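In: Sequence and predicted structure, then a few things I'm wondering about:
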Amino acid sequence: MATEDNQESGRKGYGIGFYIAVTVLLILPGIAIIVWYVLQVTDAEKATAELLEQARVAAIAIAERAAAEGFLVDDFDECGKLGDHFKTGVGIDLSQKARRRLLGLSTKASADQELERCVVFAKVVSAMERLAHHDRHTFVCQGAEIVSEDGAYKIRPEENGRGVIELDVGAKRFIPIPKYKHILIEGWQLFNMGDGCLVAGMSRVNNFSYSGTIRVVE
């Protein structure tokens, strides 16, 4: 009988020391992890909310400028998607430095300078559209060129801002374009920024492709 009592006593529990150990080793660390996770999620949500608010304020500011200065917000946004116009697979690095080069800016240009460059772009596009309609527009600056579908015909901005360099099946020719003027070449509308950059307008030849491709000069 004593043996049974001892066995029964052994089954009653492990004692308070065991439960304290379990609490310290398992439960408290688990609570700490949960608290840490909640804090991390809260911080991330706050950061996201702040970024969204900054984006909202910036969008309102651009919309107000567009209305006051006569350009379209869509054209401003198109400037921000500049890399989408370039042929894929040519190693375009869309780092901040690369974006600035594509905009014709110094690699050390500030975010404000990028914004102003895109405002200028949108204003130029508005002016171009009054002269001839094209489906999309993009910057073509030093280190870039427009290429025909067969690759035999190319246009590059002249580095001193005097016009364009035409390369037709290997033959090279300079075509002058006065600063802040535009011409049509091979169906492309080319506006000379006068700083070694062009704003090019292109249209679709079918549902899937445009009349030219923008690519990095190799």
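Out: Everything's here; your move. Numbering: from 1, shown residues only.
In: quick one: the strands in the protein?
Out: 136-140, 144-147, 153-157, 163-168, 171-176, 182-185, 188-192, 198-202, 213-216 (DSSP state E).
In: ok, and which of these has the densest surroundings?
Out: strand 198-202 (a mean of 25; mean count of other C-beta atoms under 10 Å). To be clear about C-beta, it is placed using only N, CA and C from the backbone, and glycine gets the same treatment.
In: Report the angle between it and strand 163-168.
Out: When axes from the mean of the first three to the mean of the last three C-alpha atoms, to 10 degrees is applied, the directions of strand 198-202 and strand 163-168 differ by 50 degrees.
In: List the strands paired with strand 198-202, with their directions.
Out: strand 136-140 (antiparallel), strand 188-192 (antiparallel) (DSSP bridges).
In: how near is Val147 to Ala127?
Out: Counting by C-beta to C-beta, to the nearest Å, the gap from Val147 to Ala127 is 25 Å.
In: Please read the previous query as pertaining to Arg65.
Out: Distance from Arg65 to Ala127, by C-beta to C-beta: 16 Å.
In: and what of Asp74?
Out: 15 Å.
In: Throw the strands paired with strand 198-202 into a markdown table and include mean pLDDT, thanks.
Out: Formatted as a markdown table, the strands paired with strand 198-202 follow (pLDDT from 0 to 100):
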| stretch | mean pLDDT |
| --- | --- |
| strand 136-140 | 92 |
| strand 188-192 | 95 |
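In: between those, which one is nearest to Glu114?
Out: Nearest of the strands paired with strand 198-202 to Glu114, taken as C-beta to C-beta: strand 136-140 at 11.6 Å.
In: Can you check what angle separates that closest one from strand 153-157?
Out: If you take the same axes, to 10 degrees, strand 136-140 sits at 60 degrees to strand 153-157.
In: Using CSV, write down the CA coordinates of strand 136-140.
Out: Below are the C-alpha coordinates for strand 136-140, written out as CSV (Å, rounded to 0.1, in the frame of the first residue of the first chain):
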residue,chain,number,x,y,z
ARG,A,136,5.4,57.3,-76.1
HIS,A,137,8.3,59.6,-75.4
THR,A,138,11.7,59.1,-73.8
PHE,A,139,15.1,60.8,-73.2
VAL,A,140,17.9,59.7,-75.5
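In: Pretty sure Ile177 sits against Leu190.
Out: Yes: between Ile177 and Leu190 there is a contact under C-beta atoms under 8 Å: 6.5 Å.
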